[in-house]
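> this one's sequence-less:
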């Protein structure tokens, strides 16, 4: 399962930098992540050129577009993982980039109708659901077992970096493309080039994949393969527990996305400046991931996820008594450090414990569960805050996060401390 890579006394980032295949995968997914974020900015920017259809208000176009962008993750998350186990992972990743690049390039040549824009957005987001599980399943094929923690730390930090940088540079990049390359197709050309560049970067990677068994080759029932992943998770409590912790982590961040809009007003900022808090949390995640990647071996057998949940719970509780903006940003950074202590070890554990022929299905189901779980906090956090108040909601979140962390550790500590 684990390939040969250059021998190195040091594990962690030093060994990864010498691993050509992993570096190509890392750079390729980084470019692809940037393309995803800039593509979303592009869709929002293009709406001004598309008249609203009859019966749909102009403001509702934004919500409808966001639904078209997010629904594929709920519908096809697990299906993408099943295909990852059936076909070569490089083919899926490079093919996904190629399809997304070509679809983006089609936009200027199609009629300016909102329905067509919705269909293209839905299609591109659907293709993305195949790229994500293939990327996660590819990491164990390129990295030694002892370096998986560092690999996931690097991926987590750059994923958060792409989220922050992508949305930050999206508008300036598109404005530059519009003025330099032309208003007709300049913006679409830049986004399409990013997708195609990602595919070209990953093309030279040589994966040593396990061939599907005869049973899997002959099976054409997607539902039966989906239920197979459920049966596996039901039997493997360790992987299921790790996945539940990741889902909880993403739920907290989804709720914070809504709460930071209210927090921005409380700290004297404009509502649209809520991104400062999320950016600070992103910096903390990058810092925490860097610590894990560099000193991960020394932190072996430490209750990292428990520490992470308790840090997050502490920050959420203290937030209710904070009135200084710099202190609030520092708390957000600390929250990000706690999040990395959960996300990186749990993702590493799933990669280590799941058998290679189940990687695609497990990671597909993980992405599916995370995207479904994100919907509930986004839907109820705002109304709950209006009814109960910001302080009560934050304290309640703090108690829930602490309880989940303690419960998860008590259920798995005997086996978890030997794995992470």
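Yep, that arrived. Keep in mind the model is a prediction, meaning the values are calculated, not measured.

> report the central residue of the protein.
residue 159 (6.8 Å; CA atoms, centre = their mean).

> quick one: residue 316 from residue 337, how far?
14 Å (CB to CB, to the nearest Å). Heads up, the C-betas are built off the backbone N, CA and C, glycines and all.

> related to what we said a few turns ago, quick one: distance of the helix or strand hosting the residue nearest to the centre of the chain to the chain centre.
Using DSSP states H and E, residue 159 falls within helix 148-181. In this view, helix 148-181 has its centroid 13 Å away from the chain centroid, taken as CA atoms, centre = their mean, to the nearest Å.

> repeat for stretch 245-252
12 Å.

> buried residues, it. List them.
For stretch 245-252, a neighbour-count test (16 or more other CB atoms under 10 Å) marks 245, 246, 247, 248, 249, 250, 251, 252 as buried.

> closest one of the residues you listed to residue 70?
Nearest to residue 70 among the buried residues of stretch 245-252, counting by CB to CB, is residue 250 at 13.3 Å.

> go ahead and confirm that closest one touches residue 370.
Yes: under the criterion of CB atoms under 8 Å, residue 250 makes contact with residue 370 at 4.9 Å.

> now do the shared contacts for those two.
With CB atoms under 8 Å, 6 or more residues apart in numbering applied, the contact sets of residue 250 and residue 370 do not overlap.

> give me the next element, helix or strand, following the one helix or strand residue 84 maps to.
Using DSSP H and E, the element containing residue 84 is helix 58-86. Counting by DSSP H and E, the element after helix 58-86 in chain order, helix or strand, is helix 89-106.

> buried ones in that following helix?
Buried residues in helix 89-106 (16+ other CB under 10 Å): 89-90, 92-101, 103-105.

> contacting residues around it?
Residues outside helix 89-106 that contact it (CB under 8 Å, 6+ apart): 28, 32, 35, 39, 42, 83-84, 120, 123-124, 127-128, 130-131, 134-135, 137-138, 141, 185, 188-189, 191-196, 198-199, 202-203, 205, 207, 209, 360.

> which secondary structure elements does the following helix or strand past that helix contact?
With elements assigned by DSSP H and E, the helix or strand that comes after helix 89-106 is helix 114-142. Packed against helix 114-142 by the contact rule (3 or more CB pairs under 8 Å, 6 or more residues apart in numbering; DSSP states H and E) you find helix 20-46, helix 58-86, helix 89-106, helix 148-181, helix 325-353, helix 359-388.

> ramachandran angles for the residue in the chain sticking out farthest from the centre?
No residue in the chain has its C-alpha farther from the mean C-alpha position than residue 54, which lies at 35.5 Å (CA atoms, centre = their mean). Torsion angles at residue 54 (phi, psi; degrees, to the nearest 10) stand at phi -60, psi 130.

> how near is it to residue 106?
From residue 54 to residue 106 the distance is 25 Å (CB to CB).

> sec struct for residue 183, please.
coil (DSSP: H, G, I helix; E, B strand; the rest coil).

> name the residues of stretch 280-296 that are buried.
Across stretch 280-296, burial judged by 16+ other CB under 10 Å covers 280-294, 296.

> pull the distance from it to the chain's centre.
The answer for stretch 280-296 is 16 Å, by CA atoms, centre = their mean.

> and if you look at stretch 178-193?
Offset of stretch 178-193 from its chain centre (CA atoms, centre = their mean): 27 Å.

> quick check: buried residues in it?
178, 185, 186, 187, 188, 189, 190, 191, 192, 193.

> and if you look at stretch 385-396?
For stretch 385-396, the neighbour count (16+ other CB under 10 Å) marks 385, 390, 393, 394, 395 as buried.

> picking up where we left off before, and the buried residues of helix 89-106, which is closest to residue 170?
Nearest to residue 170 out of the buried residues of helix 89-106 is residue 104 (CB to CB; 13.6 Å).

> quick one: contacts for residue 193?
For residue 193, the contact set (CB under 8 Å, 6+ apart) comprises residue 101.

> could you shift the numbering so residue one becomes 23, and keep it that way?
Yes, from this point I'll number from 23; that puts the last item at residue 215.

> hang on, isn't residue 270 packed against residue 426?
Yes: if you go by CB under 8 Å, residue 270 and residue 426 touch, sitting 5.0 Å apart.

> helices and strands of the protein: which one bottoms out on pLDDT?
Using mean pLDDT, DSSP states H and E, the weakest-scoring helix or strand in the chain turns out to be helix 236-240, at a mean of 46.

> what helices or strands is whichever helix or strand residue 332 is part of leaning on?
Following DSSP H and E, one finds residue 332 within helix 326-341. Judged by 3+ CB pairs under 8 Å, 6+ apart, the packing partners of helix 326-341 are helix 259-288, helix 347-375, helix 412-438.

> check which residues of the second one are buried.
By that I understand helix 347-375. 347, 350-351, 353-374.

> and that helix with helix 412-438, angle?
Relative orientation of helix 347-375 versus helix 412-438 (axes from the mean of the first three to the mean of the last three CA atoms, to 10 degrees): 30 degrees.

> give me the angle between helix 347-375 and helix 326-341.
With the same axes, to 10 degrees defining the directions, helix 347-375 sits at 160 degrees from helix 326-341.

> can you check the shortest one too?
For helix 412-438 against helix 326-341, the angle between stretch directions is 170 degrees (the same axes, to 10 degrees).

> would you mark the buried spots in helix 412-438?
412, 415-417, 419-420, 422-424, 426-427, 430-431, 434, 438.

> how close does residue 152 sit to residue 224?
With CB to CB as the criterion, residue 152 and residue 224 are 14 Å apart.

> repeat for residue 310
Separation of residue 310 from residue 224 (CB to CB): 27 Å.

> ok, residue 268 next?
Residue 268 sits 25 Å away from residue 224, going by CB to CB.

> and stretch 224-233, how far out from the chain's middle?
Distance of stretch 224-233 from its chain centroid, counting by CA atoms, centre = their mean, is 23 Å.

> how about stretch 385-393?
That offset, for stretch 385-393, works out to 10 Å (CA atoms, centre = their mean).

> quick check: mean pLDDT of that stretch?
Computed over stretch 385-393, the mean pLDDT rounds to 76.

> what sits up against it?
With CB under 8 Å, 6+ apart as the test, stretch 385-393 has contacts from 92, 95-96, 99-104, 106, 151, 154-155, 158-159, 248, 251-252, 255, 265, 268-269, 272, 372.

> for stretch 300-317, same thing?
34-35, 171-172, 175-176, 178-179, 182-183, 185-186, 275, 278-279, 282, 321, 326, 351-352, 354-363, 365-367.
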